[in-house]
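Visitor: Fold the following and give me the result.
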Amino acid sequence: MNEALRSSYKHKEICPLDTTIEIFNGKWKSIIICRLMNKNLHFNELNRSIINCSKRMLAIQLKKLIKDDIVNKNVIVKNKDKVAIIYSLSELGNTLVPIIKEMDKWGEHYIKTVKNN
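Guide: As a prediction, the model looks like this:
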């Protein structure tokens, strides 16, 4: 069972909200998902787009997102000596896009509200 599913039962009852939160829980996961919302990226492109994220940390978080079926790792054979690895949101990962956009709007609202208090 992957981490996101396991978190559904952490309060000894089924909590789908905890599952959703677990998908985003982890260093850089939300940023990785947001970058892949815009376009599919090679590992190094993704790494360069996330300032201060080490290659090791990026690899760890990508593995978790792949295991949770949010990100696809696509291996493209160019010829016998070269392969390209491209990361993309999975079909399931793409269903997070509207949720992320709404969360982003709410975050902007929260920041404005708290700053004005």
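
Visitor: Thought residue 83 was touching residue 77, still the case?
Guide: Yes - Residue 77 lies in contact with residue 83 (CB atoms under 8 Å); the separation is 5.3 Å. Every C-beta, even on glycine, is put in place using the N, C-alpha and C of the backbone.

Visitor: what do the two both touch?
Guide: Common neighbours of residue 77 and residue 83 are not found (criterion: CB atoms under 8 Å, 6 or more residues apart in numbering).

Visitor: can you give me how far stretch 55-67 is from the chain middle?
Guide: Relative to its chain's centre, stretch 55-67 lies at 9 Å (CA atoms, centre = their mean, to the nearest Å).

Visitor: how far out from the middle of the chain is the helix or strand containing residue 103?
Guide: Following DSSP states H and E, the helix or strand that holds residue 103 is helix 97-115. Here helix 97-115 is found 18 Å from its chain centre; the criterion is CA atoms, centre = their mean.

Visitor: Give me the angle between the helix or strand harbouring residue 88 and helix 97-115.
Guide: For residue 88, the host element (DSSP H and E) is strand 82-89. With axes from the mean of the first three to the mean of the last three CA atoms, to 10 degrees applied, the angle from strand 82-89 to helix 97-115 works out at 60 degrees.

Visitor: buried stuff in strand 82-89?
Guide: 86-87, 89 (16 or more other CB atoms under 10 Å).

Visitor: how about JSON lines for the residues you listed, with distance to residue 52 added?
Guide: Listed next are these as JSON lines, based on distance: CB to CB, whole Å:
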{"residue": "86", "distance to residue 52": "23"}
{"residue": "87", "distance to residue 52": "19"}
{"residue": "89", "distance to residue 52": "23"}
